[in-house]
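In: Generate coordinates for the sequence data below:
(2 chains)
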Amino acid sequence: MLGAVALAIAATGRPAFAEVDLSGDWVAYGHEDPMERGGGPYAVDYIGLPLNEQGRERALLYTASQIAEPERQCLYYTSQYLVGGPFGFKMWTDTEPINGRTIAWHISGTNDRAPITIWMDGRPEPSKYALHPIGGWASGKWDGDTLAVKETHIKAGYLRRNGAPLSDQAAITFHFIRHGNLLTIISETVDPVYLTEPYVLSRNYMLGTQPIRPVDTPCVPGYEGQEPGTVPHYLPGKNPSIDEVSKMYNLPLEVVLGGAETLYPDYRKKLKDKYVAPAKCPANCGYGAFETNASQ
Amino acid sequence: MKTVIPMKQQHSRKAFVVLAAALALLPHALGQGRGGAPAGPPPTAKALAPFDLSGYWVSVVTEDWRYRMVPPAKGDFQAMPMNADGLKVANAWDPAKDEAAGNQCMYYGAPALLRIPGNLHITWQDDQTLKIDTDAGTQTRILHFGGWKSPGGERSWQGDTTATWEVPRGRGPQPVPAPYGALKTVTTNLKAGYLRKNGVPYSENAILTEYYDVIKGVDGNPWLVVTGMVEDPQYLRMTLITSTNFKKIASASGWDPSPCSARW
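Out: Okay, the predicted model is just below:
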C-alpha cells in the first residue's frame, strides 16, 4: 500500500488525492432568484422551469392549502430545497477510525429541509423499491477537486414552493466546488415525469464564522386546520392565479407557465417586439439582499 | 539466536523498503533533483488548461429570468445589495439619456456581460491569451495569463483581465495539462456601468473576480459555470455574488450578433 502511494506520487508528481475540505458552516447568498429563495414565489410562477405539459397541469391543480394536510406538510423540503431555499448549512464527515477514510459527508437539515447523507464508501444504491425518504439517498465521489453527488430515491414533492412538482422518479446530481471561502453548488435535476430537460441551478455560499446548528427544526406534520377526507385543489382550468404574474410583469402566459423553450436566448426574439416593461416595479422591489444561515 | 519477526512486522518492513526505494527514485522520475538539470520553460496557459473552454456555449436561463431575459421595470432592484449612493444612482436611471450620451453598452460591461442571455465563443488568441466573444452586445473579453499586468490607461467596458489556472501544486514538474482545476480571473480598469439593465450601478473602481468551472452533465455534455463576485464599496454594501450557467453546443448555429441596447 505504502509503495503504491509512493509510486503514484513519483509517477504524477502530485498527491494521489485531490479531495478538498468542504466541512464548515456555509452561509447562503441570496443574490439570485430572490423571491424563490426568500419569502416564496408567486402562486403561479413557473418561470425558468423546463416543465412538460403534465408538470404544468399538475402544478396548476395545486393550492397552498394542500400544505395544511399532514401528509403534504413536508413536501417542499426534499433535497431540491438545498438549492431552492434560502438557507445555509453545516457540512461535516464521518471518518473510518482505522484508515481515516471518509465514510460519508453530512449536510445539516435546515429549517424544515431534511438532512442529507452522502455516502462515500461505495455502498450500492438501494433497490428502486426501497423507501424514498424526504432526504433521498445520495452517494458521492471525487472528480478531481469537485465532489460529485448523485441523489436518488427522492420522495415525490415540489420543485418550487408553489406546487411545481417533483416526482419520485427524479434524480439530482450535485457538484460541490470550493474556491477558498466560496462554495458553489451546481444541481442538475432530471425528472422524466415532469421535466423535458435537466433543470440546472448554481448557488453560492461563503464560509461563515457563526456556527450553524447541525440539527435544526425538522419538518414535523401537525394539524393545521385541514380536515381529513378532502384534498384542496383547483380543478383543471380553474386556477384563479394563473394570469397574476403575466399581468403584473407584462409577460406572456407561456413564459409564466414554464417550458424549456423559454430558457434559451433565442426565445428573446419572440418577446422583443411584444414586451413592454411595467412603468414601475409592481411589487417586491426591495433592493436588499440576504446572506443567511440556518440560525437566522 | 535468530530473531523471529512476526509476519505483520515483516510486511511493514517490506512496505518501508518499497517506500524508501520509491522516494529515492523520485527525483529521477521527476527529471530534476537538487543540483540537477534545470527544468524547462513553464508550460503555456493553453498547454496547462485542465479543461477545454474553447468552442460555443449558450446561456440556459433558469435563474433570475425576469431580470435577464427581459428588461425589468424601473425600480425593480430586488436582491441587488446596493448602498444608499447606489440606490440614488439607480433611481435616476434614464435609458434615453444613456442613448443620447452614446452609452448603450453600460449593461454590457464585464461585471454583467455573462448574465445577458446569449452565446459565447471562446478561443485561444495565442498560447497565453483566451478570448471570449459574446453575440449579445457583440463584446469581446480578453483574458491574459502568464503574469500579465494591466497597463492601466483608458478604461473600457470589459476592463483589463488577468487570468490564472487554479490547479493542483506539488513538488517538481506538474502534469501538463493539469488533471483538474478552475480558471480564476480578476478584472479591473472598468468603465462604470450597470449590473442590471434598469440602472443598478457599478463604479469604475469595481473589481470583478470570476471562477470558471466546467462539469460534465448527466448526459455527458459539458456545462460551464461562471461565478462572479463584484466588489464595489462605492455602490454596493457587500460583494455581489452570482453564478451563470452555460451549456456547450456543437456549432455556431445559434450565433446571432446584436448591438448593445439601452432598452432591450
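In: Do you have the helices of chain A handy? List them.
Out: A:2-12, A:34-37, A:53-60, A:81-84, A:244-249, A:253-256, A:267-272 (DSSP state H).
In: For chain B, give me its nearest residue in the stretch 51-200 of chain A.
Out: Taking Cβ to the nearest Cβ, chain B has its nearest neighbour within the stretch 51-200 of chain A at A:G144, 2.5 Å off. Just so you know, the C-beta spots here come from the backbone N, C-alpha and C atoms, and that holds for glycine as well.
In: Count the residues that sit near that residue.
Out: Neighbour count for A:G144, taken as other Cβ atoms under 10 Å in any protein chain shown: 19.
In: likewise A:A18?
Out: For A:A18, using other Cβ under 10 Å, the count is 15.
In: give me every residue that touches the closest residue to the residue of the stretch 51-200 of chain A closest to chain B other than its chain neighbours.
Out: Nearest in space to A:G144, with sequence neighbours left out and distances taken as Cβ to Cβ, 6 or more residues apart in numbering or on different chains, is B:Y180 at 2.5 Å. Residues near B:Y180 by Cβ atoms under 8 Å, 6 or more residues apart in numbering or on different chains: A:A18, A:D143, A:G144, A:D145, A:T146, B:P50, B:V167, B:P168.
In: Next, format the residues you listed as a markdown table and append distance to B:A262 and pLDDT.
Out: Shown next, in a markdown table, are those (distance: Cβ to Cβ, whole Å; pLDDT from 0 to 100):
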| residue | distance to B:A262 | pLDDT |
| --- | --- | --- |
| A:A18 | 46 | 81 |
| A:D143 | 42 | 94 |
| A:G144 | 42 | 93 |
| A:D145 | 41 | 94 |
| A:T146 | 39 | 97 |
| B:P50 | 39 | 95 |
| B:V167 | 40 | 90 |
| B:P168 | 45 | 84 |
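In: of all those, which comes closest to B:R66?
Out: Checking these against B:R66 by Cβ to Cβ gives A:T146 as the nearest, at 30.4 Å.
In: tell me the contacts of the closest one?
Out: Contacts of A:T146 (Cβ under 8 Å, 6+ apart): A:H175, A:F176, A:I177, B:Y180, B:D213, B:I215.
In: Could you grab the helix/strand/coil label for the residue nearest to A:G144?
Out: coil (DSSP: H, G, I helix; E, B strand; the rest coil).
In: Just the pLDDT at it, thanks.
Out: Note for B:Y180: predicted pLDDT of 92.
In: List the contacts of the residue nearest the centre of chain A.
Out: Nearest to the mean C-alpha position of chain A, by Cα atoms, centre = their mean, lies A:Q80 at 2.6 Å. By Cβ under 8 Å, 6+ apart, A:Q80 lies in contact with A:I154, A:G157, A:Y158, A:L159, A:L166, A:I172, A:S187, A:T189.
In: was I right about A:N250 contacting A:V276?
Out: Yes: between A:N250 and A:V276 there is a contact at 5.5 Å, judged by Cβ atoms under 8 Å.
In: Look at those two and report which has more neighbours.
Out: Using other Cβ under 10 Å, the more surrounded residue of A:N250 and A:V276 is A:N250, with 17 against 9.
In: Give me the distance between the closest residue to B:T209 other than its chain neighbours and B:A73.
Out: Nearest in space to B:T209, with sequence neighbours left out and distances taken as Cβ to Cβ, 6+ apart, is B:M229 at 4.7 Å. Going from B:M229 to B:A73 by Cβ to Cβ, to the nearest Å gives 26 Å.
In: Check A:R213 too.
Out: For A:R213, the distance to B:A73 - Cβ to Cβ - is 39 Å.
In: low-scoring stretches of the chain, by residue?
Out: Unless you meant another one, I'm taking chain A. Applying pLDDT under 70 to chain A flags residues A:1-17, A:216, A:288-296.
In: You answered for a different chain; I wanted chain B.
Out: The model of chain B has pLDDT under 70 over residues B:1-39.
In: mind listing the helices for it?
Out: Under DSSP H, chain B gives helices at B:7-30, B:45-48, B:65-68, B:84-91, B:95-100, B:110-113.
In: what does the fifth one contact?
Out: For helix B:95-100, contacts defined as Cβ under 8 Å, 6+ apart pick out B:Q104, B:M106, B:A262, B:R263.
In: Can you lay out those as JSON lines showing distance to chain A?
Out: Formatted as JSON lines, those follow (distance: Cβ to the nearest Cβ, whole Å):
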{"residue": "B:Q104", "distance to chain A": "16"}
{"residue": "B:M106", "distance to chain A": "17"}
{"residue": "B:A262", "distance to chain A": "12"}
{"residue": "B:R263", "distance to chain A": "9"}
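In: Out of these, which end up buried?
Out: Buried residues within those, counting neighbours by 16 or more other Cβ atoms under 10 Å in any protein chain shown: B:Q104, B:M106, B:A262.
In: I'd say the second one and B:G193 touch.
Out: Yes: in this structure, B:M106 sits in contact with B:G193. The criterion is Cβ under 8 Å, and the distance is 4.3 Å.
In: Identify the contacts common to those two.
Out: Listed as contacting both B:M106 and B:G193 by Cβ under 8 Å, 6+ apart are B:W157.
In: Now do the strands in chain B.
Out: Using DSSP state E, the strands of chain B run over residues B:55-59, B:119-126, B:129-134, B:139-144, B:160-166, B:182-188, B:193-196, B:200-202, B:207-216, B:222-231, B:240-249.
In: Make CSV out of those strands and add distance to A:R37 and mean neighbour count.
Out: Shown next, in CSV, are these (distance: least, Cβ to Cβ, whole Å; neighbours: other Cβ atoms under 10 Å in any protein chain shown):
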stretch, distance to A:R37, mean neighbour count
strand B:55-59, 20, 22
strand B:119-126, 26, 17
strand B:129-134, 27, 20
strand B:139-144, 29, 19
strand B:160-166, 28, 19
strand B:182-188, 25, 21
strand B:193-196, 17, 25
strand B:200-202, 18, 27
strand B:207-216, 21, 20
strand B:222-231, 16, 21
strand B:240-249, 12, 22
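In: Any idea which of those strands gets closest to A:Y223?
Out: strand B:240-249 (40.7 Å).
In: Output the closest one in PDB with nothing but the alpha carbons.
Out: Listed next in PDB are the C-alpha coordinates belonging to strand B:240-249 (Å, rounded to 0.1, in the frame of the first residue of the first chain):
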ATOM      1  CA  LEU B 240     -22.400  40.700  -5.200                       C
ATOM      2  CA  ILE B 241     -22.100  37.000  -6.000                       C
ATOM      3  CA  THR B 242     -23.900  35.300  -8.900                       C
ATOM      4  CA  SER B 243     -23.200  32.200 -10.900                       C
ATOM      5  CA  THR B 244     -24.200  31.800 -14.500                       C
ATOM      6  CA  ASN B 245     -24.700  28.600 -16.400                       C
ATOM      7  CA  PHE B 246     -23.900  27.700 -20.000                       C
ATOM      8  CA  LYS B 247     -24.300  24.600 -22.000                       C
ATOM      9  CA  LYS B 248     -21.800  23.600 -24.600                       C
ATOM     10  CA  ILE B 249     -23.100  23.500 -28.100                       C
END
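In: Can you check what angle separates it from strand B:55-59?
Out: Strand B:240-249 runs at 120 degrees relative to strand B:55-59, counting by axes from the mean of the first three to the mean of the last three Cα atoms, to 10 degrees.
In: Mind giving me the packing neighbours of strand B:240-249?
Out: Applying 3 or more Cβ pairs under 8 Å, 6 or more residues apart in numbering or on different chains; DSSP states H and E, one finds that strand B:240-249 contacts strand A:182-190, strand A:199-207, strand B:55-59, strand B:222-231.
In: Dump the C-alpha coordinates for the shortest one into CSV.
Out: This means strand B:55-59. Only the C-alpha atoms of strand B:55-59 are listed here, as CSV (Å, rounded to 0.1, in the frame of the first residue of the first chain):
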residue,chain,number,x,y,z
GLY,B,55,-16.0,26.4,-28.5
TYR,B,56,-19.5,27.7,-28.3
TRP,B,57,-21.6,27.9,-25.2
VAL,B,58,-25.2,29.0,-24.7
SER,B,59,-26.8,30.6,-21.7
